[in-house]
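1. Here's my sequence, what's the structure:
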Amino acid sequence: METEAAKLVGAGLAVVGLGGVGSGIGAIFASAIQSLARNPAAAPNIQLPMWVGFALVEAVALYALVVALMLMFVF
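-> This is a model prediction of the structure:
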């Protein structure tokens, strides 16, 4: 296998984690909506952990993107 093909395959494998990111974000917001629907008074206690969880999951997507771009253009 040529090195250019190996770099592209590695970049493709690096972004496979984005499927998990999509389902993770969906699960975060689905559980937050469900919690707020059951108890609207708990909104201040639910929103901060929801946004922190969203930021952490989104960071995984950015890391996958950075790794893929590094594989394609740096190495």
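
2. any idea which helix or strand carries the residue nearest in space to the middle of the chain?
-> Centroid check for the chain by CA atoms, centre = their mean gives Val21 as the closest residue, at 3.1 Å. Taking DSSP states H and E as the definition, one finds Val21 inside helix 18-38.

3. contacts for that helix?
-> Helix 18-38 is contacted by residues 42-43, 46-47, 50, 53-54, 57-58, 60-61, 64 when judged by CB atoms under 8 Å, 6 or more residues apart in numbering. Heads up, the C-betas are built off the backbone N, CA and C, glycines and all.

4. Just the CA trace of that helix, in PDB.
-> In PDB, the C-alpha atoms belonging to helix 18-38 read as follows (Å, rounded to 0.1, in the frame of the first residue of the first chain):
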ATOM      1  CA  LEU A  18     -17.900  10.900  14.900                       C
ATOM      2  CA  GLY A  19     -20.700   8.400  14.900                       C
ATOM      3  CA  GLY A  20     -20.400   8.000  18.600                       C
ATOM      4  CA  VAL A  21     -20.300  11.700  19.000                       C
ATOM      5  CA  GLY A  22     -23.600  12.100  17.200                       C
ATOM      6  CA  SER A  23     -25.300   9.500  19.300                       C
ATOM      7  CA  GLY A  24     -23.800  10.900  22.500                       C
ATOM      8  CA  ILE A  25     -25.100  14.400  21.800                       C
ATOM      9  CA  GLY A  26     -28.500  12.900  21.000                       C
ATOM     10  CA  ALA A  27     -28.500  11.000  24.300                       C
ATOM     11  CA  ILE A  28     -27.500  14.100  26.200                       C
ATOM     12  CA  PHE A  29     -30.200  16.300  24.900                       C
ATOM     13  CA  ALA A  30     -32.800  13.600  24.900                       C
ATOM     14  CA  SER A  31     -32.300  12.900  28.600                       C
ATOM     15  CA  ALA A  32     -32.200  16.700  29.300                       C
ATOM     16  CA  ILE A  33     -35.500  17.200  27.500                       C
ATOM     17  CA  GLN A  34     -37.100  14.200  29.300                       C
ATOM     18  CA  SER A  35     -35.800  15.500  32.700                       C
ATOM     19  CA  LEU A  36     -37.100  19.000  32.100                       C
ATOM     20  CA  ALA A  37     -40.500  17.700  30.900                       C
ATOM     21  CA  ARG A  38     -40.800  15.700  34.100                       C
END
